[in-house]
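Asker: okay, sequence plus prediction incoming.
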Amino acid sequence: MINSIIFLLLLFLPLIFQLFFGIKAIKYSISLSLWQVSLISLLGHVFFAIATLYLYSELLRHAHNRDGLGWIFVFGIELFVGFVLLLAIFIQLYIQYRKNKSLIK
């Protein structure tokens, strides 16, 4: 049970970070820019994806059923969450672009 919670936390933590601090960066209420927040989120996602796959490999090593299909499923979910993270970054960049464009006029 605790492994499932750790996997979900590691999986969604960069996305939650991006959504929360990306909005704050657009509103200029933190000292980080949106590019810095996005870079932290992307690097965090890569690091947490590698950590999650390593932890899952260790769990498979001690399991009775050593089928690798679960590892492929976790990898697929990581790719999907990475795609959602990129989508959130691009949407926030577009919002910031439109906000800066309206401030110039």
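Answerer: Looks like it came in fine. Residues are numbered from 1 along each chain as shown.
Asker: switch to C-alpha atoms for all contacts and neighbour counts from now on
Answerer: OK.
Asker: quick check: longest helix in the protein by residues?
Answerer: helix 69-104 (DSSP state H).
Asker: so which bits of that one are buried?
Answerer: Within helix 69-104, the residues that qualify as buried by neighbour count (16 or more other C-alpha atoms under 10 Å) are 71, 74-75, 78, 81-82, 85-86, 88-89, 92-93, 96.
Asker: tell me which other helices or strands it touches.
Answerer: helix 2-26, helix 34-61 (3 or more C-alpha pairs under 8 Å, 6 or more residues apart in numbering; DSSP states H and E).
Asker: nearest to Lys101, out of the ones you listed?
Answerer: helix 2-26 (13.1 Å; C-alpha to C-alpha).
Asker: list of residues touching that closest one?
Answerer: Helix 2-26 has contacts (C-alpha atoms under 8 Å, 6 or more residues apart in numbering) with 30-34, 37-38, 41-42, 44-45, 48-49, 52, 78, 81, 84-85, 88-89, 92, 95-96.
Asker: re the thing from before, so how far is the longest helix of the chain from its chain's centroid?
Answerer: The chain centroid and the centroid of helix 69-104 are separated by 8 Å under C-alpha atoms, centre = their mean, to the nearest Å.
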